[in-house]
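Engineer: Okay, structure incoming, though there's no sequence with it:
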Ligand code: GAP
């Protein structure tokens, strides 16, 4: 990543648009918030991310030997399930009742915010105290709070010290939720230098909403279900309501029996799926990081309950290594185990793989992937009906009539181990990654500015995307030095040979050679091949490496083999 974080994200977003990686969806109509399109280079990059995942997790997985760190050998298979599934799937999985975010509306500006995304600080001046909020984080958020407090109190910047920030009692907020009044019992009198969650306010009446001019405009927090609704068929009644899947995982659980019955997989084994998911996020933001339509790459790994802690550890480490093997520096990556009180009620362990995205403050990380130990929650829910946790036990949730609130399929999703003659419901380890978030992390990690000589030998700043060669949209670019003396013909022949060998290659004969190198550096092409005046004499071309800038002569006949060798070794 380039030196300072300031402005880095803006540079990456600008490059993504300029070079055709990512565009705002429906841009000519003003764009659609939370939706993104991948351009000609972006589609290749994202496909390479997906393909690397699929190759590493499924098609190149060796089921005959235990990979390093794995308790034993295992099989990995794939599926592709439909985006719209039976509505009962989401009732039993818990998404229908529980897949909610708390939101608040601003009565003054009519804007809507996610309750847990609002942060702020107490500001006191002339006996008045307000909790000034912002959607920004870190330094930017603190500055914004300062500006808004100055404006609200009508104080000039030079008199900033007349406003006291972060002092007095924090906490005590109470609000109405689900027919009950929730009082957040926490209070503290210690001064706070940082941005605080909105629960540090004492009353909604004292909160200055992020875009409001006066406090007290926020509504009570309300639950908002994130699933997109749609209607199946022509009748269009409420009974025909279905949902766009908010995760690909449930498509795997409901096919567990099909996969067991139709293949020779034996526990432990994993079922993998890549596909679109949809969430009606209240505040999509940070470029593609939080989108409303995105792609997931999920594994449900089914194992013996008593072996599951070992498999959890294995998958956590294996998935972390996947990112570092593809070029993410461990200094920018973090494996964070959830605290016990953060865990879902059915989970005995969850870890997030987090990346230091440049839109976050230094020291902050955003989730790339979650690895969750899910016990037998999902398979049992789809057998028995929606489960709930009661005193540490998962039991079927019942309605007022004593019957299951949401009925399961009634199908037997247990597994019979013919070696041990045991029947059990497998436990599940779920490594769940985002293809778009992964692609964004690879883009951010690749962005680099350094100096390289131009055609006149003068050092110039160059932007170089240091993608891992497996991910680079174009692997090799071929240039004739000049557009005559048979050089274009020879360069085109090399270009065609590379493409015939399945290597994504580009051909470019426009502009000075330095400019052509720079164009390829900016899209992350690892190798450039130049046919020059010497080629006719020595039968060789210049092969230039994007990162080391080292140039070597390679015989024309060996170019394709050399690129293949370098790709294999990458
Ligand atoms: N089946 C488990 C599951 O879906 P999750 O943490 O909600 O877990 C998994 O999502 C991954 O999907 C996240 O780590 C992230 O990479 C990606 N993801 C989730 N919501 C997203 C969104 N709104 N935009 C982009 N990616 C998202």
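Structural biologist: Yep, it's here. Since this is a predicted model, take the numbers as computed values, not measurements.
Engineer: Stretch 83-101: which residues count as buried?
Structural biologist: Residues of stretch 83-101 classed as buried: 85, 87-97, 99, 101 (neighbour count, 16 or more other C-beta atoms under 10 Å). The way it works is simple: take the backbone N, C-alpha and C, and place the C-beta from them, glycine included.
Engineer: Next: stretch 275-289.
Structural biologist: Neighbour-count burial for stretch 275-289, counted by 16+ other C-beta under 10 Å, picks out 275, 277-284, 286-289.
Engineer: swap in stretch 317-332?
Structural biologist: Neighbour counts using 16+ other C-beta under 10 Å place 317-320, 322-323, 326-328, 332 of stretch 317-332 among the buried residues.
Engineer: Please identify which of these is nearest to the ligand.
Structural biologist: Taking C-beta to the nearest ligand atom as the measure, the ligand lies nearest residue 319 of the buried residues of stretch 317-332, at 10.8 Å.
Engineer: Could you count how many residues lie near residue 57?
Structural biologist: Residue 57 has 22 neighbours, counted by other C-beta atoms under 10 Å.
Engineer: Rank the helices and strands of the protein by mean pLDDT and give me the bottom one.
Structural biologist: Least confident helix or strand of the chain, by mean pLDDT, DSSP states H and E, is strand 180-183 with a mean of 70.
Engineer: Can you tell me what sits against that strand?
Structural biologist: 172-176 (C-beta atoms under 8 Å, 6 or more residues apart in numbering).
Engineer: In a markdown table: the residues you listed, plus distance to residue 381.
Structural biologist: Shown next, in a markdown table, are the contacts of strand 180-183 (distance: C-beta to C-beta, whole Å):
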| residue | distance to residue 381 |
| --- | --- |
| 172 | 38 |
| 173 | 34 |
| 174 | 34 |
| 175 | 31 |
| 176 | 30 |
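Engineer: Which members of those additionally contact the ligand?
Structural biologist: Near the ligand, judged by C-beta under 6 Å from any ligand atom, there are no entries from the contacts of strand 180-183.
Engineer: ok, residue 411 - how many residues close by?
Structural biologist: Counted with other C-beta under 10 Å, residue 411 comes out at 11.
Engineer: Wait, it touches residue 383, no?
Structural biologist: Yes. Contact criterion C-beta atoms under 8 Å: residue 411 and residue 383 qualify, at 6.4 Å.
Engineer: Can you tell me which of the buried residues of stretch 83-101 is closest to residue 108?
Structural biologist: residue 101 (21.6 Å; C-beta to C-beta).
Engineer: so that closest one is in which element?
Structural biologist: Taking DSSP states H and E as the definition, one finds residue 101 inside strand 100-105.
Engineer: same for that strand, what does it pack against?
Structural biologist: Judged by 3 or more C-beta pairs under 8 Å, 6 or more residues apart in numbering; DSSP states H and E, strand 100-105 is in contact with strand 112-114, strand 222-225.
Engineer: picking up where we left off before, can you sort out which of the buried residues of stretch 275-289 also neighbour the ligand?
Structural biologist: Among the buried residues of stretch 275-289, the ones lying near the ligand by C-beta under 6 Å from any ligand atom are 279, 281.
Engineer: Mind checking which of the buried residues of stretch 275-289 land in strands?
Structural biologist: Members of the buried residues of stretch 275-289 lying in strands (criterion: DSSP state E): 275, 277-278.
Engineer: check contacts around residue 148.
Structural biologist: Counting by C-beta under 8 Å, 6+ apart, residue 148 touches 132, 134, 208.
Engineer: out of the residues you listed, who's nearest the ligand?
Structural biologist: Closest approach to the ligand among these (C-beta to the nearest ligand atom): residue 134, at 21.1 Å.
Engineer: Please look at the closest one and residue 195 and confirm they touch.
Structural biologist: Yes. Using C-beta under 8 Å, residue 134 makes contact with residue 195 at a distance of 7.1 Å.
Engineer: tell me, what's touching the two both at once?
Structural biologist: Among the neighbours of residue 134, those also in contact with residue 195 (C-beta under 8 Å, 6+ apart) are 119-120, 141, 145.
Engineer: Same list (these) but as a markdown table, adding distance to residue 166 and neighbour count.
Structural biologist: Listed next are the shared contacts of residue 134 and residue 195 as a markdown table, based on distance: C-beta to C-beta, whole Å; neighbours: other C-beta atoms under 10 Å:
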| residue | distance to residue 166 | neighbour count |
| --- | --- | --- |
| 119 | 12 | 21 |
| 120 | 10 | 26 |
| 141 | 13 | 20 |
| 145 | 10 | 25 |
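Engineer: how about those in TSV, adding secondary structure and pLDDT?
Structural biologist: Formatted as TSV, those follow (DSSP: H, G, I helix; E, B strand; the rest coil; pLDDT from 0 to 100):
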residue	secondary structure	pLDDT
119	strand	95
120	strand	96
141	helix	92
145	helix	97
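Engineer: Could you tell me which residues of the stretch 251-400 of the chain lie near the ligand?
Structural biologist: Neighbours of the ligand within the stretch 251-400 of the chain, by C-beta under 6 Å from any ligand atom: 279, 281, 290-291, 294, 296, 298, 367-370.
Engineer: quick one: secondary structure of the residue nearest to residue 274 when sequence neighbours are not counted?
Structural biologist: Leaving aside its sequence neighbours, residue 274 sits nearest to residue 297 (C-beta to C-beta, 6 or more residues apart in numbering; 4.8 Å). Using DSSP: H, G, I helix; E, B strand; the rest coil, the secondary structure recorded for residue 297 is strand.
Engineer: try the one 4 residues further on
Structural biologist: Secondary structure state of residue 301, per three-state DSSP, is strand.
Engineer: Could you do residue 73 as well?
Structural biologist: Criterion first, three-state DSSP; result for residue 73: coil.
Engineer: Pick out the residue of the chain closest to the ligand.
Structural biologist: Closest residue of the chain to the ligand, C-beta to the nearest ligand atom: residue 434 (2.3 Å).
Engineer: And for that residue, the neighbour number?
Structural biologist: If you count neighbours by other C-beta under 10 Å, residue 434 ends up with 23.
Engineer: how far away is the residue lying closest to residue 486 once chain neighbours are set aside from residue 169?
Structural biologist: Nearest-residue entry for residue 486: residue 536, 6.9 Å, with adjacent residues in sequence omitted and distances by C-beta to C-beta, 6+ apart. For residue 536, the distance to residue 169 (C-beta to C-beta, to the nearest Å) stands at 83 Å.
Engineer: List the contacts of the residue nearest to residue 274.
Structural biologist: Listed by C-beta under 8 Å, 6+ apart, the contact set of residue 297 reads 50, 53-54, 57, 272-274, 432-435, 438.
Engineer: Are we agreed that residue 456 is in a helix?
Structural biologist: No. Per three-state DSSP, residue 456 lies outside any helix segment and is coil.
Engineer: what's it sitting at in phi/psi?
Structural biologist: Per-residue torsions, residue 456: phi -100, psi 10 (degrees, to the nearest 10).
Engineer: Need the per-residue pLDDT for it.
Structural biologist: Residue 456 is assigned 83 on the pLDDT scale.
Engineer: ok, how many other residues are close to it?
Structural biologist: 8.
Engineer: Use 43 as the first number from now on
Structural biologist: Fine by me, first position is 43 from now on; the one you just mentioned is residue 498.
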